[in-house]
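Student: sharing a model that was predicted from the sequence below.
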Amino acid sequence: MNFWLLKSEPGNYSIDDFAREKATDWTGVRNYQARNFMKEMEVGDLALFYHSNAEPPGVTGIAKITSLAKPDRFQFDRKSPYYDAKATRDSPIWFCPDIAFVEKFDDIVSLSALRASAKLKEMGVLQKGSRLSVLPVSKAHFSEVLRMAGARSKV
DNA sequence: GCCAACGTTGGC
DNA sequence: GCCAACGTTGGC
């Protein structure tokens, strides 16, 4: 079992939207490295749900991976901002898994709180220049964020 | 294959 | 709104 971090701009799709919908497919990621991480995801993996471009930015909850990565439907949709003219049904370019809502934290674990933690110094999302919207997280870092959040979920 | 120009991300 | 970091594009 692996652990991940998924960024979302709450203006686009927030933890509250996710809590309401219960499940979604993680479409719209258009970065090869992020895509490759999604292809590594397995059913049952857990992910930190992170608000970027938010006030404050930080981890707001937990998601569970419920399918292997499959073709992102918007790459074929000419009207979508995520349309990719180079993608075809026979050879799709972009893939994403289904995810299910697990929990919303009572309080956000803000980016500044993450940065203040000595135990999280090496966490990928905190490294300089890390703009990837999908990142692997170690089990130790994942558990520490859950501890900081007072999460109901345990790992 | 180099690299300048350009676009995007995302914290601040 | 600024801008650093970094990915992508396309001319050569």
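Tutor: It's in. Numbers count the residues shown, from 1 in each chain, chains lettered A, B, ... in the order given.
Student: what does stretch A:13-32 rub up against?
Tutor: A:6, A:8, A:35, A:38, A:49, A:51, A:60-61, A:63, A:66, A:70, A:72-74, A:82, A:84, A:94, A:96-101, A:104, A:132-134 (Cβ atoms under 8 Å, 6 or more residues apart in numbering). To be clear about C-beta, it is placed using only N, CA and C from the backbone, and glycine gets the same treatment.
Student: for ChimeraX, what selects the buried ones among these?
Tutor: In ChimeraX, a selection of the buried entries from those looks like this (16 or more other Cβ atoms under 10 Å):
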select /A:6,8,35,38,49,51,60,61,63,66,72,74,82,84,94,96,97,98,99,101,104,132,133,134
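Student: helix, strand or coil: sort out the residue of chain A positioned farthest from its centre for me.
Tutor: Using Cα atoms, centre = their mean, the residue of chain A lying farthest from its centre is A:D90. It sits 26.8 Å away. Here A:D90 is recorded as coil under DSSP: H, G, I helix; E, B strand; the rest coil.
Student: show me which helix runs longest in chain A.
Tutor: Counting by DSSP state H, the longest helix found in chain A is helix A:139-149.
Student: next, the residue farthest from the centre of chain A: phi, psi?
Tutor: When read as degrees, to the nearest 10, the backbone of A:D90 gives phi -80, psi -30.
Student: cool, A:F49 as well?
Tutor: Dihedral angles (degrees, to the nearest 10) for A:F49: phi -100, psi 120.
Student: ok, it - contacts?
Tutor: A:6, A:8, A:15, A:18, A:59-63.
Student: now it: closest residue in space that isn't a chain neighbour?
Tutor: A:G61 (4.4 Å; Cβ to Cβ, 6 or more residues apart in numbering).
Student: that neighbour touches A:I99, doesn't it?
Tutor: No. Contact criterion Cβ atoms under 8 Å: A:G61 and A:I99 do not qualify, at 11.2 Å.
Student: and A:S138, how far from A:G58?
Tutor: 18 Å (Cβ to Cβ, to the nearest Å).
Student: which one of those two has more residues nearby?
Tutor: Between A:S138 and A:G58, counting by other Cβ atoms under 10 Å, A:G58 is the more crowded of the two (22 against 14).
Student: how close does the more buried one sit to A:I93?
Tutor: Using Cβ to Cβ, A:G58 is found at 31 Å from A:I93.
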